[in-house]
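Engineer: show me the folded form of this:
(2 chains)
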Amino acid sequence: MARAYDVQEIERKWQGRWRESADYEVDDDDPRPHYYVLCMYPYPSGPAHQGHVRNYTFGDLMVRYRTMKGYAVLSPIGFDSFGLPAENAAIATGIHPRTFTDQRIEELRESLVSLGAVYDWRREVRSHDPAYIRWTQFIFKRFLEAGLAYRGAALVNWCPGCQTVLANEQVLADGSCERSGDEVEKRSLEQWFFRITAYADELLRDLDALDWPERVKVMQRNWIGRSEGAELDLEVYEHPGKAVRVFTTRPDTLFGMTYAVLAPEHPMVDELTTPENRGVVDALRESARRSSEMERTSVGSGLEKRGAFTGSMVLNPVTGKPVPLFIADYVLMSYGTGAIMAVPAEDERDWEFAQLHGLEIVRTVEAPSSFDGGAWTGDGIKINSEWLNGLRTDEAIQRAIAWLEEHGVGKRSVKYRLRDWLVSRQRYWGCPIPVVYCGSCGIVPAPDEELPIIAPDDVQLLQTGESPLASHQGFVHTTCPKCSAPARRETDTMDTFVDSSWYFLRFCDPWSIDKPFDQEAVERWMPVDQYIGGIEHAILHLLYARFFTKALADVGIAPSGLREPFSRLFTQGMIRLGGTKMSKSKGNLVAPQEYFRTVGADALRLYHLFVGPPADDVDWSEQTGELIEGCARFLDRVWRLALEEVPATAPGAGAGVGSAGQPDPVGSAGQPGVDDQLKRAVHRAIAKVTDDLDRWSYNTAVAACMELANAISRYRRDGAAAREIGKAIDALVLLLAPMAPHLASEVWERRHGPGAMVHRESWPICDPELLTDERVTMVVQVNGKVRDRLEVNASAAEEDVVREALASAKVQEALGGVAPRRIVARPPRLVNIVVDR
RNA sequence: GCCCGGAUGGCGUAAUCGGUAAACGCGGUGGACUCAAAAUCCAUUGCUCGAAAGGGCGUGCGGGUUCGAGUCCCGCUCCGGGCACCA
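Structural biologist: Numbering: from 1, shown residues only, chains lettered A, B, ... in the order given. This is a model prediction of the structure:
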């Protein structure tokens, strides 16, 4: 496609100028109001893909717009440079992960520059930089001291593909690995955890005040999964004094408890299983251990509830009646107390189990008469419950908890679905966990002076299931920092989500050499005013970063008042290709570099802004190329409109004659009317674009610019004054400056002389006086159907517009001689005449 | 199963407070310019009946509220996403 200007040359030129100008390097003492715009820092996967382009286009637009509005905008960038792909590539090619990663960072950096995105590059951070590793390890140590990091044995998720353990958040609903798609196995291992559950309540509560997409908040609430209820002890009939502790959200249903269940992994299973039941119990335990997360993939509730009787009975605390104690695979050790009281009448799972095993069912809630199903889980009036009879569910819950507390058998309790964050990874290319194991001192953290602990380069990267570092004798063998005896280093590395949980704080003070960051610098910029990233991080990264911010504040590293990292969050839609999402793991199917070379970055940026609402997914289709060309065509039009000579008058542009050959409605002398209309079009565009940019409606902002360009062409052809046309063009260029920064820069410089920089200009302000037209089109309806359109004064009174409406021949014809029953007038937009038919 | 989103021309989409449905763009059609093509510019473009004037229909489906509904309410269908034995 032949272009109106040399796109390559101009885009290169301005990318250099922005870098040299240092306009986007901001310091803490900048007198302008501070604003922190941040896009999620990328994993360096080589040249940018369309998802990056979309993300960084939105971010760059925000940076430039806010700057023009007078803010000191902090716009940092860095690279989430630890991670599996580099290690896998190393295994395949023999290239060291660092070499591989550094090269890909350069490629991605080049893409971001080519896109025209501007950053304070002085602040760049990389997760794998020793200066960053040092502080990640420092933070780990402070967490360890505060009890927020601990080593524990647990049944953990093991991905055979990635050859490492995973966090719960990295396992998808169908039991597969979020990264590799392999089926995740359960293994019992000693691992490092972060105590995120200590913040469960605060993480849940503080969501309310965040200006985040509601669906992200809902996802986090679900993930945290708070349940209120009670814990109570069920005394074992055969062993008086011994009790099984259970958790329930429905203490009101106690009278309906007809059996109880332990999770197969429950520690009391052995002692409570009688010899004659040992065989079935052990068989079930074994099969539960092997199958656990798997097999329950597809249909959820249709799972067979397998169980086995332990041979023991427990006492129902309110009736004193013994009921059988089972083990069953539908009770999970990892939630609540790992044991439940079963109430088949009011719980669907218990109902199913009771049916299967022929157990007693006692209803304690009166179900609606229309209900003919099994378990009634809704609210209702209590029955068969002695002192709870007649109460509503909510009242009965409170009464039951009070009873449990009075009798010392239970108490009010809150449980969460959220589990502690497993951070150990049996991989090489990550931040080493800075501890040593000493035979006599146990777990000893590496001294601060020894940080960073850097993994050696000469490591055999093989997929053994053990950290590659474990086979490096020089790394493993060390001495205990406490007693100097020979000791062994921890060889696992941290989950890369640890690195990305505090980078936004480091950006505030990346130069700090004696601490992770200066608290004062953080107070100047944090929290992030606008965070932008993909919806795929709704739980993982965004939950971990929130936890880190709170924990860092509590251990004294971050300011104590900083409870949340991101005030406003925007999640952009994903790029889809034929229905499947494009992502770093699925490959780059359409390379942005191709467009940089052909239509240029501005056209590609404009396409991403214009294609639809930023929050919506985008389908990459055959039509996409044409849409991008359309954007390039628009940029060409702006170029010509702003810079090329055009004939002063065009055919038909006589005095007082509009484009359609109609008399000009306002200026009887011609010119003043056209000028006035052009001026109004400019101010309408300013108001529209400003409002649209503030409410993330970039597609309509682009449309408004196109409309303005159309209006300028039309009014110029119609003979508007050169001075007004010049002002209109300048306004258009200013409005386009955040969207198509290269074109806007070049046009501005050519119009205003060497050295003029459009992004140093103030954002245009609209004159409210010019937002309303003096004459508007009014619609006249008869019984809600449009029958005529009339030109009226914007300030016309009700009786005047009604009179004009009734005077219309078309309206009279539609009325057909019938007298109006009612007339609804909303001047100056509409009159609706209602007649009986 | 539960919880969120969504459904508007041939296509991407717009309509911010219940008041002209389809702004803006893509694609199509016709024309100007050209030896010709590309590029550019102009006109036109929801469907339908009609020679025209003009009419009818039209925002996933069925109801409702209202002078008036893409927008609000009730009941569905389909698509996308999240959660899913969490007691």
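
Engineer: how about the residues of the stretch 351-500 of chain A near RNA strand B?
Structural biologist: A:415, A:417 (C-beta under 7 Å from any atom of the strand). Every residue, glycine included, has its C-beta placed from N, CA and C.

Engineer: so out of everything in the stretch 351-500 of chain A, what residue is nearest RNA strand B?
Structural biologist: As assessed by C-beta to the nearest atom of the strand, RNA strand B sits closest to residue A:417 within the stretch 351-500 of chain A, at 3.6 Å.

Engineer: contacting residues for that residue?
Structural biologist: A:222, A:223, A:224, A:225, A:226, A:227, A:335 (C-beta atoms under 8 Å, 6 or more residues apart in numbering).

Engineer: residue A:68 too?
Structural biologist: So residue A:68 contacts A:734, A:737, A:738, A:759, A:761, A:762, A:763 (C-beta under 8 Å, 6+ apart).

Engineer: any idea how far it lies from residue A:762?
Structural biologist: 6 Å (C-beta to C-beta, to the nearest Å).

Engineer: ramachandran angles for the residue of the stretch 351-500 of chain A closest to RNA strand B?
Structural biologist: Dihedral angles of residue A:417 (phi, psi; degrees, to the nearest 10) stand at phi -80, psi -30.

Engineer: same deal with residue A:785?
Structural biologist: The phi/psi pair for residue A:785 (degrees, to the nearest 10) is phi -100, psi 140.

Engineer: mind jotting down where the strands sit in the stretch 101-250 of chain A?
Structural biologist: Using DSSP state E, counting those that start in this stretch, the strands assigned to the stretch 101-250 of chain A run over residues A:125-126, A:149-159, A:164-166, A:185-194, A:226-235, A:243-248.

Engineer: thinking again about what came up before, top of the contacts of residue A:68 by neighbour count?
Structural biologist: Neighbour counts for these (other C-beta atoms under 10 Å) peak at residue A:738, which has 28 neighbours.

Engineer: give me the pLDDT for it.
Structural biologist: Model confidence at residue A:738, given as pLDDT, is 98.

Engineer: not counting residues beside it along the chain, what's closest to residue A:70?
Structural biologist: Closest residue to residue A:70 in three dimensions, ignoring its sequence neighbours and counting by C-beta to C-beta, 6 or more residues apart in numbering: residue A:32, at 6.0 Å.

Engineer: report the secondary structure state of the one you found.
Structural biologist: Counting by DSSP: H, G, I helix; E, B strand; the rest coil, the backbone at residue A:32 sits in coil.

Engineer: near RNA strand B at all, the strand or helix carrying residue A:742?
Structural biologist: Assigned by DSSP states H and E, residue A:742 belongs to helix A:741-752. No: contact of helix A:741-752 with RNA strand B (C-beta under 7 Å from any atom of the strand) is absent, the minimum separation being 14.9 Å.

Engineer: can you report how many residues lie near the closest residue to residue A:516 other than its chain neighbours?
Structural biologist: Spatially, and ignoring its direct neighbours in sequence, residue A:516 is nearest to residue A:135 (3.9 Å; C-beta to C-beta, 6+ apart). Neighbourhood size, residue A:135 [other C-beta under 10 Å]: 22.

Engineer: likewise residue A:765?
Structural biologist: For residue A:765, using other C-beta under 10 Å, the count is 10.

Engineer: in terms of pLDDT, where does it sit?
Structural biologist: For residue A:765, pLDDT reads 95.

Engineer: which ones are touching it?
Structural biologist: Residue A:765 touches residue A:686, counting by C-beta under 8 Å, 6+ apart.

Engineer: part of a helix, is it?
Structural biologist: No: counting by three-state DSSP, residue A:765 is located in no helix; its state is coil.

Engineer: buried residues in stretch A:312-325?
Structural biologist: Using 16 or more other C-beta atoms under 10 Å as the test for burial, stretch A:312-325 gives A:312, A:313, A:314, A:315, A:316, A:317, A:318, A:323, A:324, A:325.

Engineer: quick one: which two of those residues are the most distant?
Structural biologist: A:312 and A:318 (19.5 Å; C-beta to C-beta).

Engineer: about what we covered before: the helix holding residue A:742 - what's its average pLDDT?
Structural biologist: According to the model, helix A:741-752 has a mean pLDDT of 96.

Engineer: which other helices and strands does that helix contact?
Structural biologist: helix A:7-21, helix A:601-610, helix A:624-643, helix A:722-736 (3 or more C-beta pairs under 8 Å, 6 or more residues apart in numbering; DSSP states H and E).

Engineer: out of those, which is the most enclosed?
Structural biologist: Mean neighbours per residue, mean count of other C-beta atoms under 10 Å, is largest over those for helix A:601-610, with a mean of 26.

Engineer: tilt between that helix and helix A:722-736?
Structural biologist: Orientation check (axes from the mean of the first three to the mean of the last three C-alpha atoms, to 10 degrees): helix A:601-610 against helix A:722-736 gives 80 degrees.
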